[in-house]
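Undergrad: below are the sequence and a predicted model; questions follow.
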Amino acid sequence: MIYASPVEESLATGQFYDQLATPYYLSPDKLQSDYASVRFNREIKLFRRFYPRGPVLDVGCSTGAFLAQLKHRFGAEYETLGVDVAGPALDYAEAQGIPVLRESFLEAEFAKGKFGAVTFWAVLEHLSHPRAFLSKTASVMAPGGFCFILVPNFRSLAVRLLGSKYRYILLQHLNYFTSTTLARLAQNEPAFRVVYAGSSHFNPLVILQDWRRKGNPTSDEERSKLLKRTTGYKQNPAFVPLKYGLAAVESVLAKLNLADNVVLVLQKAGDYD
């Protein structure tokens, strides 16, 4: 696994994300994209496959968009809670009716075995101690419960084509995973077994834009605008043929573990089905 060393104190404590919340996480383009109906389609499809109902903890919940989707689509089937350290983002989540905890997951106190599912959507890459987070996760999960992890894929087609020009090589990304290294991290936690491993998402616009920028940094504003643009394409009926074409390409890349993200589902030891 590739990781940053040393780690800036603001990144280790989470203060960095408290400061980033207003200019990035709360930017209109980012919020519109995160709360769009298409935003978490892949994640929710996978989530529902393993966990159709019950208590859920979303670690690194930010503005609460994933939990809001669960609430909107499935109503009372899930009891949701988010935890994060980015105050302004959590203010927004609470305004949407999402229950949250405003503290570090590692320091928060939960009833033993409280949750049937814990999610880490694009979170582990930000953590200075990811193994500690997985150990804590095991302690708060019910036997047979599921942990869902999604991280950027450091062996994706985008990384292979762009190298150091890739926009998601960021100061705040402390870990860079491949399917192999993420599985190895999970296997170091004896309470879990891997029940699903895959690769998902593909955005050719990222490759095109980053290639044109020739390694120049991509601003948070530019990232937000691209998210909004991509979301608009997904929602526009005129782009349905293109959508199916991209889905076919993504399927091929996923089989080769070359899609943009690595996805892992872990199950805690207990009464396996």
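TA: Sure thing, it's come through. Numbers count the residues shown, from 1 in each chain.
Undergrad: low pLDDT regions in the stretch 1-150 of the chain?
TA: 21 (pLDDT under 70).
Undergrad: flag every buried residue along stretch 121-129.
TA: Buried residues in stretch 121-129, counted by 16 or more other Cβ atoms under 10 Å: 121-128. Every C-beta, even on glycine, is put in place using the N, C-alpha and C of the backbone.
Undergrad: which outside residues touch that stretch?
TA: 7, 11-12, 17, 40, 43, 58-60, 66, 106, 130, 133, 148-152, 172-177, 182, 185, 261 (Cβ atoms under 8 Å, 6 or more residues apart in numbering).
Undergrad: can you add secondary structure and distance to residue 165 and give the buried residues of stretch 121-129 back as TSV?
TA: Converted to TSV, those look like this (DSSP: H, G, I helix; E, B strand; the rest coil; distance: Cβ to Cβ, whole Å):
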residue	secondary structure	distance to residue 165
121	strand	25
122	coil	20
123	coil	24
124	helix	23
125	helix	18
126	helix	21
127	coil	25
128	coil	25
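Undergrad: select only the buried ones of the contacts of stretch 121-129 in ChimeraX?
TA: In ChimeraX, a selection of the buried entries from the contacts of stretch 121-129 looks like this (16+ other Cβ under 10 Å):
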select :11,17,40,43,58,59,60,66,130,133,148,149,150,151,152,173,174,175,176,177,182,185,261
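Undergrad: where does residue 145 land in three-state SS?
TA: strand (DSSP: H, G, I helix; E, B strand; the rest coil).
Undergrad: if you could redo that for residue 138, that was the one I meant.
TA: helix.
Undergrad: quick check: the residue lying closest to it once chain neighbours are set aside vs residue 197, distance?
TA: Nearest residue to residue 138 in three dimensions, chain neighbours excluded: residue 191, at 3.7 Å (Cβ to Cβ, 6 or more residues apart in numbering). Computed as Cβ to Cβ, to the nearest Å, the residue 191 to residue 197 distance reads 17 Å.
Undergrad: find the centremost residue of this protein, please.
TA: residue 121 (1.9 Å; Cα atoms, centre = their mean).
Undergrad: what's across from it in the sheet?
TA: Here residue 121 sits in beta bridges with residue 150, going by DSSP bridges.
Undergrad: okay, strands next: where are they in the stretch 151-273 of the chain?
TA: 175-176, 192-200, 261-268 (DSSP state E, counting those that start in this stretch).
Undergrad: now for those, which one comes closest to residue 80?
TA: strand 261-268 (18.4 Å; Cβ to Cβ).
Undergrad: thought residue 204 was touching residue 245?
TA: No: using Cβ atoms under 8 Å as the test, residue 204 is too far from residue 245 to be in contact (10.5 Å).
Undergrad: hmm, back to that, was I right to think the residue nearest to residue 138 contacts residue 140?
TA: No: checked against Cβ under 8 Å, the pair residue 191 and residue 140 is beyond contact range at 11.0 Å.
Undergrad: if you count surrounding residues, which of the two has more?
TA: residue 140 (20 against 17; other Cβ atoms under 10 Å).
Undergrad: I figured that one was touching residue 57, is that so?
TA: Yes: Residue 140 lies in contact with residue 57 (Cβ under 8 Å); the separation is 6.9 Å.
Undergrad: would you mind listing the residues touching both of these two?
TA: 110, 114-115, 118.
Undergrad: by neighbour count, which of those residues wins?
TA: residue 118 leads the shared contacts of residue 140 and residue 57 on contacts (other Cβ under 10 Å) with 28 neighbours.
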